[in-house]
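> Model the structure of this input:
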Amino acid sequence: MSHRPTQRPAVSLTTLAEKKALGEPIVMVTAYDFPSAQVAEEAGVDVVLVGDSGAMTVLGYPSTVPVKTEELLMLSQAVRRGLQTPLMVGDMPFGSYEASNEEAIRNAQRFIKEAGCDAVKVERGGTTVERAAALVGAGIPVMGHVGLTPQTATALGGYRSQGRTAERALNVLHDALALQDAGCFAVVFEAIPSALTEAIMPRMEIPVIGIGAGGATDGQVLVFHDLLGIYSGHAARFVKRYANVRDEMISGVKEFADEVRARRYPQEEHGYTMAPDEIARLHELLREQTGEPFTGGLSL
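Sure, this is the predicted structure:
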């Protein structure tokens, strides 16, 4: 039975703004390759982020920091080939936008031109606000990201909830409002207390996508490999597993290995056949070449 949804119109920035205005929750997931993009497409999500989390989930890095722009561009290109309807956002990796507005624009343009992204995402407030404004000024749609920002997790004290004191909560609020004022079309709130989200939301005029930020946001995002149980690494508190695909994958490969070792695979139905006259002709040709009767596995 196919799970393919009826064809929907492509999701745009206007679509997301309308959803916020109407109170319709926005669904966002990450994807890093062609098959996962197809799954997101058929599942009918609104936004797909080619996240730098792919550094850990598919490229095997210990964190998001080492991933290169070229690597994320390659992943983004693969996702683009499997995606039609959702808005596609490319995550700009650490080191690709911090140095200057010019470098940020140059690298962001690559995500739009080379990978076909509809928008890019940048992390933090501070100097990133200036970068976001420059990108928007260059005609590039930008999604912001505040709270726990994995690219600078070390400076934040590790992968932990942010804004849990009044003073730090104000910093998150200021970052979110600054990114909104810079022209971002949306912002991600990650790993912040639900009470803080509830305090900020009345001040947000753009869509807010939450991940570990409570239910008051305009939408939610989870990492593809987390929600499907593919990634074997540590899962954050906010992760809910909707499937255990990794266990199924291991089970399937193990069963294949067991059948090969027991010579139960392949069976006759897994092979190809030759017409009897072609088999006879092959025997004849082999006798002509070797001068000896053929004693191989072919039979009439």
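> measure the residue of the chain positioned farthest from its centre to M92 for me?
Each residue of the chain has a distance to the centre, and by C-alpha atoms, centre = their mean the biggest one is for G291: 61.0 Å. In this view, G291 and M92 are 69 Å apart by C-beta to C-beta, to the nearest Å. For the C-beta atoms, the positions are set from N, CA and C on the backbone; glycine is no exception.
> and if you look at A275?
With C-beta to C-beta as the criterion, A275 and M92 are 59 Å apart.
> now G210
G210 sits 21 Å away from M92, going by C-beta to C-beta.
> what does V260 give?
V260 is 44 Å from M92, where distance means C-beta to C-beta.
> Hmm, F256 is touching R264, no?
No: F256 lies out of contact with R264 (C-beta atoms under 8 Å); the separation is 10.1 Å.
> What residues sit buried inside the helix or strand containing E248?
For E248, the host element (DSSP states H and E) is helix 245-261. Within helix 245-261, the residues that count as buried by 16 or more other C-beta atoms under 10 Å are V245.
> who's in contact with A31?
By C-beta atoms under 8 Å, 6 or more residues apart in numbering, A31 lies in contact with 37, 39-40, 48-50, 79, 82-83, 224.
> can you check A108 too?
By C-beta under 8 Å, 6+ apart, the residues touching A108 are 92, 97, 120, 135, 138, 140, 142.
> where does the third one land in three-state SS?
Reduced to three states with DSSP: H, G, I helix; E, B strand; the rest coil, the structure at V120 is strand.
> V188 belongs to a helix?
No: counting by three-state DSSP, V188 falls outside a helix, being strand.
> For it, which non-adjacent residue is spatially closest?
Take V188 and drop its neighbours on the chain: the residue closest to it by C-beta to C-beta, 6 or more residues apart in numbering is H145, 4.3 Å away.
> Report how many residues lie close to the one you found.
Residues contacting H145 under the criterion other C-beta atoms under 10 Å number 27.
> follow-up on the earlier one: distance of the residue farthest from the centre of the chain relative to E284?
In terms of C-beta to C-beta, G291 sits 12 Å off from E284.
> S36 now?
52 Å.
> These two: which has the busier surroundings?
The residue with more neighbours, out of S36 and E284, is S36; 26 against 11, by other C-beta under 10 Å.
> which SSE is that one in?
Secondary structure from DSSP H and E places S36 in helix 34-43.
> Give the buried residues for that helix.
34, 36-41.
> For the stretch 1-150 of the chain, which segments count as strands?
Counting by DSSP state E, counting those that start in this stretch, one finds strands in the stretch 1-150 of the chain at the ranges 26-30, 47-50, 87-91, 119-121, 142-147.
> Can you tell me the SS state at the closest residue to R203 other than its chain neighbours?
Spatial nearest neighbour of R203, chain neighbours left out: L177 (6.2 Å); criterion: C-beta to C-beta, 6+ apart. State at L177, reduced to three classes by three-state DSSP: helix.
> Distance check, L177 against V208.
Distance from L177 to V208, by C-beta to C-beta: 12 Å.
> Name the residue in these two with the higher neighbour count.
A direct count of neighbours by other C-beta under 10 Å for L177 and V208 places V208 higher, at 24 against 18.
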